[in-house]
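Chemist: Please find the sequence and the predicted model below.
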Amino acid sequence: MFKKFLPKEESYFEDFQEMIKVIVEMGKISSEFYSSEVYDLEIFKLIKPLEKKCDEIASAAIKRLNDTFITPFDREDIFSLIKKIDDISEILLASTIRVNTFNIHKKVAGAGEMAEIVYNQTIILQDILGKLDKHGEDYTRLEEIRKLESEADKIYRDSLKQLFQDDNANALEVIKNKEILDQLEKAADKCQTCVNVIQSILIKNS
């Protein structure tokens, strides 16, 4: 697939793998957190260092990209994939920061299921990104991420419906809970966006 690239260019593939490894860890922590009956408001303190590490890898990769003349595939695609992967970490951090800011203690209905889906998506992405530099690999798992994203959308819609149908719910609590669901839906969608970029890369270099 990628027939001609210098050995030093392999570092981009390593960057992808290092970033997604960190994000898988973030996904695991988030999944366990949102599945808890009572939330630990200090959760963001576990997530923040991981997000920072991911951001540092992304920044170094982008700087290297600007200084590299020959790349294994289009530099625009490399940049886009780095940014999309980094976006997942930023969203996962943002969701936990909101839990702390909004002082949410009680489990948000649907959040656990959605966070688990995001976690599963990151695991699949890790597998795919680990094979991105290999010719002739089977990337059928890309479709698994799409299916999970559709599943997350359904849980999101059902959870919102349940949230707004509760006549006894406090309006402020509804807004807070909706914001958490929004963030998790964005995370699932961002995993899908990564798939779109990867597919574009595969098509261009097939």
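Modeler: That came through fine. Numbers count the residues shown, from 1 in each chain.
Chemist: Help me confirm that V99 comes into contact with L41.
Modeler: Yes - between V99 and L41 there is a contact under CB atoms under 8 Å: 6.4 Å. No exception for glycine: its C-beta is placed from N, CA and C like everyone else's.
Chemist: neighbour-wise, which of these two wins?
Modeler: In this view V99 and L41 are compared by other CB atoms under 10 Å, and V99 has more residues nearby, 24 against 15.
Chemist: How about the more buried one, nearest residue that isn't a chain neighbour?
Modeler: Y39 (5.8 Å; CB to CB, 6 or more residues apart in numbering).
Chemist: neighbours of that neighbour, just the number please.
Modeler: So Y39, with other CB under 10 Å, has 20 neighbours.
Chemist: could you pull out the helices for the protein?
Modeler: 11-34, 44-67, 75-101, 111-129, 142-165, 171-204 (DSSP state H).
Chemist: Take those and lay them out in TSV including mean pLDDT.
Modeler: TSV is the format used below for these (pLDDT from 0 to 100):
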stretch	mean pLDDT
helix 11-34	94
helix 44-67	92
helix 75-101	94
helix 111-129	96
helix 142-165	95
helix 171-204	93
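Chemist: from memory D153 sits against E185, does it?
Modeler: Yes - D153 is within contact range of E185, at 7.0 Å (criterion: CB under 8 Å).
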